[in-house]
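1. Got a predicted structure here, sequence first:
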Amino acid sequence: MPPRRRDRRSRRDPSPSPSHTSGPRASSSSPRPRLAFFALPLLLLILAALHFTGHLSRSPPHPQAPRTTPISVYERGLVKREVSADEILAEHDRVSENRSLRHFPNPVLAYVTPWNSKGYDMAKLFSTKLTHVSPVWYDLKSDGNKLVLEGQHNYDAGWVSELQSNASLVVPRVVLEAFPGVVLLKKKPRDKTIDLIVGECRDKGYDGIVLESWSRWAAYGVLDDPKLRKMALQFVKQLGEALHSISSKLSTRNHLELIYVIPAPRMEGLNNQDFGPEDLLQLADSVDGFSLMTYDFSGPQNPGPSAPLKWIQYSLTTLLPAKGSASGGFSHMIFLGINFYGNDFLLSKGGAGSSITGRDFIHLLEKYRPSLQWDDKSSEHFFIYSDEVVRHAVFYPTLMSLSVRLDEAQDWGTGLSIWEIGQGLDYFFDVL
């Protein structure tokens, strides 16, 4: 069954980005001076408090730190197929006290979202396991003839500095929302787009960026036109070269890095919307890595696993030479996508469902005490429960499903990209 293509942000983002929030406009026809007299000082106090805490653009910090234990999940015998709800409930918030020990030796890119503040804390707590951290902060949009980089309000200088002091590269994600006709066809706007991104990296002291544009270009039909597709690839190359021209003390490459987000190939064969091996070859000299979205395989209309192992293997086989092959040398550029979220599907006519975080998963285990089953075909755990008259199927990562995928990545010589670390269970970090 082919994977369903969906916007990566629309299902997993439980609330909109702060830059998109809006409220009702105040009426100017009926002023209320007495209310305004009391409301204005109160508003100023609230804004001052938010500014002082540095969390104006984010939800409150996650209050509870994980419990620690001298031994890892491997030594505790928790990485296994036969796992119970009671065991997960008892162990999920206990992590190894040795947070610097890495079980996965290759690069790890961790996404963090402003609407899930736990990710900010996890990035700091486990920074020695994360070579790259990508806060999901920026959108580059076209407003008429103007180009605007939105998201600067998300910047947290202290958080960025703390991560970099622990040798994690901070590479915020930039989604290229601007109309392709503006960015790709005209030299002046194209150069302006690159200048905005590079300038933000310079001003904020970032170590590069993660760029997402492929899905937008697919939606606009850019990838169906050979001429426009070539221009799109050329834009990515030009951006990469501009970033590479700026030195970086923290990066092992000694320059600012560009990581490009790419969709996982479909199982029925490549089409124009897919990113194929030829595209990878075109960008390999100008890009430092590719964040491969090997998740979101299933959806409400076809409930099932988030990332079947065979699909992951097919994706890697399509993009890279044979496993273990020394030729090509591109496997180290792939950040294999790993989901720290899951899905709760309704098994009823018409189908429905929603994404769930670790907190949601724990709540379901506490409420229904389900029996978890291991699916050999997908190498994922799932369980079934009934809510009144409706049956649900829940797919959420476990230590075993993660361990299998980390082994696969290590066999291929790829890194990992995790969407996103605020949605996982605490002890997931033990396998990294």
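-> Received it, and whenever you're ready, just let me know what you need. Numbers count the residues shown, from 1 in each chain.

2. contacts, neighbours, all on C-alpha from now
-> OK.

3. Let me see the ranges of the helices in the stretch 51-200 of the chain.
-> Counting by DSSP state H, counting those that start in this stretch, the stretch 51-200 of the chain has helices at residues 85-91, 118-125, 157-165, 180-183, 187-204.

4. Lys249: which of those helices is closest?
-> Nearest of the helices of the stretch 51-200 of the chain to Lys249, taken as Cα to Cα: helix 157-165 at 10.5 Å.

5. Now do the host helix or strand of Ile362: distance to the chain's middle.
-> Per DSSP states H and E, Ile362 falls inside helix 358-368. Centroid displacement of helix 358-368 relative to its chain, using Cα atoms, centre = their mean, to the nearest Å, is 22 Å.

6. in the stretch 301-432 of the chain, which spans are strands?
-> 334-339, 342-346, 352-356, 373-375, 380-387, 390-395, 415-419 (DSSP state E, counting those that start in this stretch).

7. Pull up the pairing partners for the longest one, direction included.
-> Here strand 380-387 is paired, per DSSP bridges, with strand 373-375 (antiparallel), strand 390-395 (antiparallel).

8. Just put the ones you listed in CSV and tack on mean neighbour count.
-> Compiled in CSV, the strands paired with strand 380-387 are given as follows (neighbours: other Cα atoms under 10 Å):
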stretch, mean neighbour count
strand 373-375, 15
strand 390-395, 18
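
9. Buried residues, the biggest strand by length in the chain. List them.
-> Counting residues, the longest strand found in the chain (DSSP state E) is strand 132-143. If you call a residue buried by 16 or more other Cα atoms under 10 Å, then strand 132-143 has these buried ones: 132-142.

10. And stretch 161-171, by the same measure?
-> 163-164, 167-171.

11. and the gap between Asp203 and Pro370?
-> Distance, Asp203 to Pro370, by Cα to Cα, to the nearest Å: 51 Å.

12. out of the two, which sits in the more crowded spot?
-> Counted by other Cα atoms under 10 Å, Asp203 and Pro370 do not tie: Pro370 has more neighbours, with 17 against 8.

13. List the contacts of that one.
-> Pro370 is in contact with 85, 383-385, counting by Cα atoms under 8 Å, 6 or more residues apart in numbering.

14. Quick check: phi and psi at it.
-> Dihedral pair for Pro370: phi -80, psi 170, per degrees, to the nearest 10.

15. Tell me, what's the model's pLDDT at Ser327?
-> Here, the pLDDT recorded for Ser327 equals 42.

16. Please report the distance of Asn106 from Leu416.
-> 8 Å.

17. Compare those two (neighbour count), which wins?
-> Leu416 (26 against 19).

18. what packs against the strand or helix carrying Leu281?
-> Leu281 belongs to helix 277-283 when assigned by DSSP H and E. Contacts defined by 3 or more Cα pairs under 8 Å, 6 or more residues apart in numbering; DSSP states H and E place helix 277-283 against helix 226-244, helix 309-319.

19. how many neighbours does His153 have?
-> 13.

20. Val431: what's it in contact with?
-> 73-74, 102-104, 399, 402-403.

21. Just put the buried residues of strand 132-143 in TSV and tack on distance to Ile262.
-> Shown next, in TSV, are the buried residues of strand 132-143 (distance: Cα to Cα, whole Å):
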residue	distance to Ile262
His132	17
Val133	17
Ser134	15
Pro135	18
Val136	16
Trp137	18
Tyr138	18
Asp139	17
Leu140	18
Lys141	20
Ser142	22
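
22. Kindly reformat these as a markdown table containing distance to Asp426 and pLDDT.
-> Output for these, formatted as a markdown table (distance: Cα to Cα, whole Å; pLDDT from 0 to 100):
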| residue | distance to Asp426 | pLDDT |
| --- | --- | --- |
| His132 | 19 | 98 |
| Val133 | 17 | 98 |
| Ser134 | 19 | 98 |
| Pro135 | 19 | 98 |
| Val136 | 21 | 98 |
| Trp137 | 23 | 98 |
| Tyr138 | 27 | 98 |
| Asp139 | 29 | 98 |
| Leu140 | 33 | 98 |
| Lys141 | 35 | 96 |
| Ser142 | 39 | 91 |
